[in-house]
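Visitor: pasting a predicted model and its sequence here:
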Amino acid sequence: MTSRTKNREPRSIPLDRIEFDAEPEDQELELPTYEPQLSTRRFRWARLFFAALGTLLALSAGLAFTQLVDSLFLRSAALGWIGAACLGLAGIAALAVVIRELAGLLALKRLVGIHEDAARALVARDRQAAARTLGELRKIYRGRPDLRWGLDQLDSHADGMMAPDDRIRLAERDLMALLDENALGLIARAARRVTLLTAVTPAAALDIIFVAALNLRMLREIATLYGGR
């Protein structure tokens, strides 16, 4: 039995029948946005209660102080003027405290903006957000001797072709790591103070007052450490 082999030539495919898949167009990275659901309640009784109560307390305190000054004037003109001067100084001091706290809130808002820019630079690799973050950090910490080395490291890499997220990680490693370590030290010191005070204070009410005061002090120290209030 014999087999005959046939030599077949490969069939050619016309070029017009060849179709190429289109390359996907570059699309910008879209970050997921969170839209908070606003409450449908338009009127809050608790807010009205605290506002009315605070107004009554302020009016009662003002009336008590003015009556005290009037009583001092009835006793002696010198005592009246001394009381009026003390009341005026107390008002000026209260106004200064309010202005200082408002400035602290503005500084806190600035730090929140820096945190948002840093998060955007890490997630979306936004160069403008990274530049704003590093610029604000330099403005806040340029007068700090303990952070001079970290700022020098940031300046040395300012002209380098680094990715935005790498620049933020560099700032976190060379600049913010020292602040985080100091913040942990402040928290540990406050915890030791609270433990000591609760051990030696006999009354539970005094414990609450002392712990609240120490916590407030700790929060102020940590805020000052990071450049706020």
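Guide: The structure has been received and is ready for your questions.

Visitor: who touches stretch 217-227?
Guide: Applying Cβ atoms under 8 Å, 6 or more residues apart in numbering, the external contacts of stretch 217-227 come out as 104, 107-108, 111, 140-141, 179, 182-183, 186-187, 190, 229. (Glycine included, C-beta is placed from N, CA and C.)

Visitor: nearest to Leu89, of those residues?
Guide: Nearest to Leu89 among these is Gly104, at 22.5 Å by Cβ to Cβ.

Visitor: would you agree the closest one is in contact with Leu111?
Guide: No: using Cβ atoms under 8 Å, Gly104 is not in contact with Leu111, being 10.6 Å away.

Visitor: any shared contact partners between these two?
Guide: Contacts common to Gly104 and Leu111, judged by Cβ under 8 Å, 6+ apart, are Gly228.

Visitor: mind telling me what element the residue sitting nearest the centre point of the chain is part of?
Guide: Nearest to the mean C-alpha position of the chain, by Cα atoms, centre = their mean, lies Val112 at 3.9 Å. Assigning secondary structure by DSSP states H and E places Val112 in helix 77-124.

Visitor: just checking, what packs against that helix?
Guide: Helix 77-124 sits against helix 45-75, helix 127-141, helix 164-171, with contacts defined as 3 or more Cβ pairs under 8 Å, 6 or more residues apart in numbering; DSSP states H and E.

Visitor: try 10 Å this time
Guide: If contacts are counted by 3 or more Cβ pairs under 10 Å, 6 or more residues apart in numbering; DSSP states H and E, helix 77-124 sits against helix 45-75, helix 127-141, helix 164-171, helix 204-225.

Visitor: tell me how far that helix lies from the chain's centre.
Guide: 16 Å (Cα atoms, centre = their mean, to the nearest Å).

Visitor: now the angle from that helix to helix 204-225?
Guide: Angle of helix 77-124 versus helix 204-225, following axes from the mean of the first three to the mean of the last three Cα atoms, to 10 degrees, is 60 degrees.

Visitor: count the neighbours of the residue lying closest to Asp146 once chain neighbours are set aside for me.
Guide: Nearest non-adjacent residue to Asp146, counting by Cβ to Cβ, 6 or more residues apart in numbering: Leu178, 6.7 Å away. Applying other Cβ atoms under 10 Å, we find 16 residues neighbouring Leu178.

Visitor: and the helix or strand Leu178 falls within, how far out from the chain middle?
Guide: Per DSSP H and E: Leu178 is located in helix 177-200. Centre-to-centre, helix 177-200 and its host chain are 21 Å apart (Cα atoms, centre = their mean).

Visitor: so where's the chain shaky on pLDDT?
Guide: The model of the chain has pLDDT under 70 over residues 1-43, 159-161, 203-205, 229.

Visitor: let's see 50
Guide: In the prediction, the chain carries residues with pLDDT under 50 at positions 1-3, 5, 26-27, 29, 31-36, 38.
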